[in-house]
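[1] Here is a sequence together with a model predicted from it:
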Amino acid sequence: MTPLLRGLEVLSVLETVSVLVLLGNLVTVHADGITSALGPVHGALYLAVAVTALLGRGLLARTRVHALLPVVGGVLTVVNVRREARR
């Protein structure tokens, strides 16, 4: 696996975890502290995934487009990165 694919995979997993924590917080206790602390982190991770996918060389168009999708983009990007690593 190339460093680009590995980095994109790690960023996508972190973004997926952050969105799951935010959604879990939303449907349970809705603690303002979690939202105010994790919201900007999630936003930064989302932008990092999007910019890395858009500017990375040799990525499939499908990977680039899926990285831009909100909420499910992280999961789809991980799947696409793993497919690209096998080809």
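    Yep, it's here. Residues are numbered from 1 along each chain as shown.
[2] can we go C-alpha only for contacts and neighbour counts from here?
    OK.
[3] show me what contacts the closest residue to residue 31 other than its chain neighbours?
    Here the nearest residue to residue 31 in space, its sequence neighbours aside, is residue 25; by CA to CA, 6 or more residues apart in numbering that works out to 6.7 Å. Shown here is residue 25, whose contacts under the criterion CA atoms under 8 Å, 6 or more residues apart in numbering are 31, 34-35.
[4] could you flag which of the residues you listed are buried?
    In the contacts of residue 25, burial by neighbour count holds for residue 35, counting by 16 or more other CA atoms under 10 Å.
[5] Let's have the contacts of residue 25 in a markdown table, adding secondary structure, pLDDT and distance to residue 55.
    Rendered in a markdown table, the data for these read as follows (DSSP: H, G, I helix; E, B strand; the rest coil; pLDDT from 0 to 100; distance: CA to CA, whole Å):
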| residue | secondary structure | pLDDT | distance to residue 55 |
| --- | --- | --- | --- |
| 31 | coil | 93 | 36 |
| 34 | helix | 93 | 31 |
| 35 | helix | 94 | 29 |
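[6] Tell me where the protein has helices.
    Remark: helices of the chain, listed N- to C-terminal, are 3-27, 32-55, 61-67, 73-86; assignment by DSSP state H.
[7] Quick one: residues contacting residue 14.
    Residues touching residue 14, when contacts are defined by CA under 8 Å, 6+ apart, comprise residue 45.
[8] Verify the contact between residue 39 and residue 20 for me.
    No - with contact defined as CA atoms under 8 Å, residue 39 does not count as touching residue 20 (11.5 Å).
[9] More neighbours: the two, which one.
    For residue 39 versus residue 20, the count of surrounding residues by other CA atoms under 10 Å is larger for residue 39: 16 against 13.
[10] Return the distance of the residue nearest to that one when sequence neighbours are not counted relative to residue 16.
    What sits nearest to residue 39 in space, not counting adjacent residues and going by CA to CA, 6+ apart, is residue 22, at 7.4 Å. According to CA to CA, to the nearest Å, residue 22 and residue 16 sit 10 Å apart.
[11] And residue 25, by the same measure?
    As judged by CA to CA, residue 25 and residue 16 stand 14 Å apart.
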